[in-house]
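Asks: this is a predicted model, with the sequence first.
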Amino acid sequence: MTGPTEEIPVIGLSGLDGGEEERSRAMARLHEACKDWGFFWVENHGVDAALMDEVKRFVYAHYEEHLEAKFYASDLAKNLPADADEPSDKVDWESTYFIQHRPKNNVADFPEITPPIRETLDKYIAQMVSLAERLAEAMSLNLGLPGGHIAGAFAPPFVGTKSAMYPPCPRPELVWGLRAHTDAGGIILLLQDDAVGGLEFLRRGEEWVPVGPTQGSRLFVNIGDQIEVVSGGAYKSVVHRVAAGGEGRRLSVATFYNPGADAVVAPAKEDAVALAYPGPYRFGDYLAYYQGTKFGDKDARFQAVKKLLG
């Protein structure tokens with residue numbers, strides 16, 4: 001079942017800097033979006049629109065020059081299952097790479113990325129981190145915690161960007177662009193395609209909501225597993241997937257604001273609901289377990305982590 005794109009909350013973050021009444025409304029809208037949806041659009045977010053466009057141009061050009069031919073020459077592209085009743089649960093129809101920005105930067109591992117582009121990426125990531133910190137502060141306050149609680153629990157944060165292209169697929173019914181999963185980390189900020197859709201979120205465990213192409217200079221935000229743990233389930237990470245398409249190619253640039261590997265994560269409050277969640281545990285240990293269960297059931301993963309690490 002699919003719901004209309006326009007229902008997804010759109011939050012104007014300029015309200016956070018307004019007067020008392022305006023800030024109160026913006027905080028309430030953010031709280032409701034986190035609590036009832038787990039994903040939402042933000043606008044007036046402070047990330048420069050021209051910089052966003054530069055990043056998108058880079059990702060398109062980098063794909064065309066360095067990745068497109070390799071993708072279509074890959075075993076995945078050449079050996080799609082010939083006969084299947086449903087999309088494969090083994091592979092994803094995506095061309096992707098990951099750049100780590102903080103606490104260490106590994107962009108030097110990509111010699112084809114020129115110094116001017118590296119400078120652009122650094123500026124972009126600095127603004128995205130500021131946005132993530134702003135959201136973390138507002139989420140903390142909305143949960144009745146000190147404003148710096150989430151950022152402090154994540155410190156020092158791990159920040160990385162997954163750049164992905166979902167190319168046209170000759171048999172889109174045989175494969176997912178990306179299989180259904182929740183994200184392991186904290187706050188995910190998505191700069192995505194303004195023409196081709198495909199991203200879908202499962203709302204309330206029953207309705208697949210299409211995100212649709214970006215409008216204007218909005219960014220898409222979703223909550224990862226660690227926000228659910230810290231909030232004691234008040235804010236939930238949401239299952240999402242990307243459908244493969246037969247026409248057009250979809251761009252996705254996802255910046256992850258996650259706890260550092262050694263950061264200790266636990267529910268912030270010790271009430272009966274929060275105690276059902278795992279913690280305290282090192283995020284690096286959670287991530288190691290997540291790698292083998294990414295496409296499995298999230299609640300089962302939480303309970304397994306609770307037994308293994310809690």
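Replies: Cool, the structure landed.

Asks: could you pull out the helices for the chain?
Replies: Using DSSP state H, the helices of the chain run over 20-36, 49-62, 68-72, 75-78, 115-142, 149-154, 225-230, 283-291, 298-309.

Asks: just the ones you listed: most buried one?
Replies: helix 225-230 (a mean of 27; mean count of other Cβ atoms under 10 Å). In this view, the C-beta of every residue, glycine as well, is placed from N, C-alpha and C.

Asks: and that one, how far out from the chain middle?
Replies: When C-alpha coordinates are averaged (Cα atoms, centre = their mean, to the nearest Å), helix 225-230 and its chain have centres 13 Å apart.

Asks: what's the answer for stretch 147-161, then?
Replies: 15 Å.

Asks: got it, and stretch 224-238?
Replies: The mean C-alpha position of stretch 224-238 is separated from the chain mean by 13 Å, Cα atoms, centre = their mean.

Asks: now the end-to-end length of that stretch.
Replies: 8 Å (Cα to Cα, to the nearest Å).

Asks: weakest of the helices of the chain by average pLDDT?
Replies: Lowest mean pLDDT within the helices of the chain: helix 75-78, a mean of 89.

Asks: export that one as CSV, just CAs?
Replies: Provided in CSV are the C-alpha atoms of helix 75-78 (Å, rounded to 0.1, in the frame of the first residue of the first chain):
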residue,chain,number,x,y,z
ASP,A,75,28.5,-9.5,-12.5
LEU,A,76,25.4,-8.0,-11.0
ALA,A,77,24.5,-6.1,-14.1
LYS,A,78,25.3,-9.0,-16.5
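
Asks: so what's Tyr60 up against?
Replies: Met165, Leu251 (Cβ atoms under 8 Å, 6 or more residues apart in numbering).

Asks: burial of Val265, as a residue count?
Replies: 25 (other Cβ atoms under 10 Å).

Asks: how close does it get to Thr96?
Replies: Applying Cβ to Cβ, to the nearest Å, the value for Val265 to Thr96 is 26 Å.

Asks: swap in Gly246?
Replies: 20 Å.

Asks: which one's more surrounded, the two?
Replies: Between Gly246 and Thr96, counting by other Cβ under 10 Å, Thr96 is the more crowded of the two (16 against 10).

Asks: and the most centrally placed residue in the chain, what are its bridge partners?
Replies: Nearest to the geometric centre of the chain sits Ile188, at 3.4 Å (Cα atoms, centre = their mean). Following DSSP bridges, Ile188 is listed with bridge partners Asn222, Phe256.

Asks: where's it relative to Val159, distance?
Replies: For Ile188, the distance to Val159 equals 11 Å [Cβ to Cβ].

Asks: residues shared between the contacts of these two?
Replies: Here Ile188 and Val159 have Thr255, Phe256, Tyr257 as joint contacts, going by Cβ under 8 Å, 6+ apart.

Asks: for the stretch 151-300 of the chain, just list every one of the strands.
Replies: 158-166, 176-181, 187-192, 199-203, 207-210, 219-223, 240-243, 250-258, 264-265, 281-282 (DSSP state E, counting those that start in this stretch).
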